[in-house]
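K.L.:
following is a predicted model, sequence given first.
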Amino acid sequence: MPSSPSLLRHVVRWTAAVAIAMAWTTATAQPRSGLAPEVDAIFNRWLATTCTGEDERKLIDELRRHAAPLAVAFRKAIVAGPPPAQLHAARVAAEVRFAARDKFPWQDYRIDGVNEKELAAFRRVSREAYVDDQVRRFATGYRSNAIAGLRIVGGPGARDILMRIASNADDPLAPAAREALRTAVPR
C-alpha cells in the first residue's frame, strides 16, 4: 500500500483529473452560440431555414421572444459563419453530389437550352472547384440567414452592422444586408 503522502497525491491527481473532465464535458455540452438549449434550437432552425408562410411567421415570433440573446448570436454568426462540423457536412454532401454528377451518362441525353461550349465547361469543373464552391455557397447562405435574423431581432448596433455590410460592394453578404435594410419584418 502506498504511503500516506503518496496516497494523498494520488487522490488529489485523480480528483483534479475528474474535475477537469467534468469541466470539459460541461464546456463542450454548451451550444457553440452560447445560448440556452431552447434558444439555440430556435437559432439553428433559423440559420438552416428556407421556410416561408405560416412556418416562417411562427419562427419569427420565436426569434422575437428571445431577441436579446439572439441578437448577439446572429452578430457572431455573421462574422464566424457556420461551425466546422456543419462545414464538414456540407463538404461531404458536395463530394457525394459531385461523384453522382461525374458518373452521369451525359452522352445518353440531349440537353436543351445550353450550348455545347457551356456544357463542356460545366463538365470540366474539377471536384475541388465544385466542392469548394458548394461549401462557399453554404457558408454564405448561413451568414445571409444570420443577417435576416439580425434584421428581425434588432438590438444595439444592428442597423449599423447591416449598413456597413450593405455598403461594401465586394462583400458577398451585401445583397442580403441591403434586402434586410429594405424590407419590413412581418408582424
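P.N.:
In hand now; what should we look at?
K.L.:
what's the first helix or strand after the strand or helix carrying R123?
P.N.:
Assigned by DSSP states H and E, R123 falls within helix 116-124. Following the chain from helix 116-124 toward its C-terminal end, the next helix or strand by DSSP H and E is helix 127-153.
K.L.:
and the helix or strand following that following helix with helix 127-153, angle?
P.N.:
Stepping forward along the backbone from helix 127-153, the first helix or strand reached (DSSP H and E) is helix 158-166. Relative orientation of helix 158-166 versus helix 127-153 (axes from the mean of the first three to the mean of the last three Cα atoms, to 10 degrees): 150 degrees.
K.L.:
ok, residues contacting helix 158-166?
P.N.:
Here helix 158-166 makes contact (Cβ atoms under 8 Å, 6 or more residues apart in numbering) with 71, 75, 78, 147, 150-151, 171, 173-174, 176-178, 180-181. Using the backbone N, CA and C atoms, a C-beta is placed for each residue, glycine as well.
K.L.:
which among the residues you listed count as buried?
P.N.:
Neighbour-count burial within the contacts of helix 158-166 applies to 71, 75, 78, 147, 150-151, 173-174, 176-178, 180; the criterion is 16 or more other Cβ atoms under 10 Å.
K.L.:
if we can go back for a sec, mind listing residues that contact the helix holding R123?
P.N.:
Identification of contacts with helix 116-124 by Cβ under 8 Å, 6+ apart yields 106, 111, 114.
K.L.:
would you mind pulling the contact partners of whichever helix or strand A176 is part of?
P.N.:
Assignment of secondary structure by DSSP H and E places A176 within helix 174-182. By Cβ under 8 Å, 6+ apart, the surrounding residues in contact with helix 174-182 are 143-144, 147-148, 150-151, 159, 162-163, 165-168, 171.
K.L.:
that older thread, distance between the helix holding R123 and the chain's centre?
P.N.:
31 Å (Cα atoms, centre = their mean, to the nearest Å).
K.L.:
now do it against helix 127-153, angle only.
P.N.:
Following the same axes, to 10 degrees, one obtains 90 degrees for the angle between helix 116-124 and helix 127-153.
K.L.:
if anything else comes up later, I'll come back, but that's it for now.
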